[in-house]
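Engineer: model this:
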Amino acid sequence: MSDEPQVGVIGANIILKCWEYNSSKQKVVVNITGATGIKVRFRRPNGTTFEVDGVIHSAEDGELKFVTLEGTLDVHGDWEVQAYFTLNAWTGASSVARFKVAKGITITA
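Structural biologist: Numbers count the residues shown, from 1 in each chain. Model (predicted):
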């Protein structure tokens with residue numbers, strides 16, 4: 001297994017951790033118990049975007065998840081990902097995270 005998912009991978013977990021800063025300006029995990037309308041937004045290396053449904057992975061640890069499907073990670077390069085959800089009276093997006101999608105080896109005849 002690689003730390004970087006490869007183009008075309010199916011079943012890879014994309015896990016996003018939600019943080020906020022407390023009054024002491026310390027970064028703390030957001031407990032997302034009860035979050036609704038969970039979406040995971042992606043930006044491909046060419047700038048095009050798409051959104052998929054996400055699920056809570058570990059509410060107390062502030063983790064949301066999306067499992068890649070056929071065609072999700074369709075180009076190699078630098079990707080961006082962001083969570084979007086509603087929690088209590090707040091609706092909004094997380095900060096943007098970045099990850100690489102590797103090219104992999106193509107078999108030719």
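
Engineer: Partner strands of the lowest-mean-pLDDT helix or strand in the chain, with direction?
Structural biologist: One helix or strand of the chain scores below all others by mean pLDDT, DSSP states H and E: strand 19-21, with a mean of 91. Applying DSSP bridges, strand 19-21 is found paired with strand 27-29 (antiparallel).

Engineer: Parallel or antiparallel, list what pairs with the next helix or strand after the partner strand.
Structural biologist: Scanning forward in sequence from strand 27-29 by DSSP states H and E, the next helix or strand is strand 36-43. Strand pairing for strand 36-43, determined by DSSP bridges: strand 49-53 (antiparallel), strand 77-87 (antiparallel).

Engineer: Could you work out the end-to-end span of stretch 68-78 for me?
Structural biologist: 16 Å (Cα to Cα, to the nearest Å).

Engineer: One more: stretch 102-109?
Structural biologist: Stretch 102-109: ends 22 Å apart by Cα to Cα.

Engineer: go on, stretch 42-54?
Structural biologist: 12 Å.
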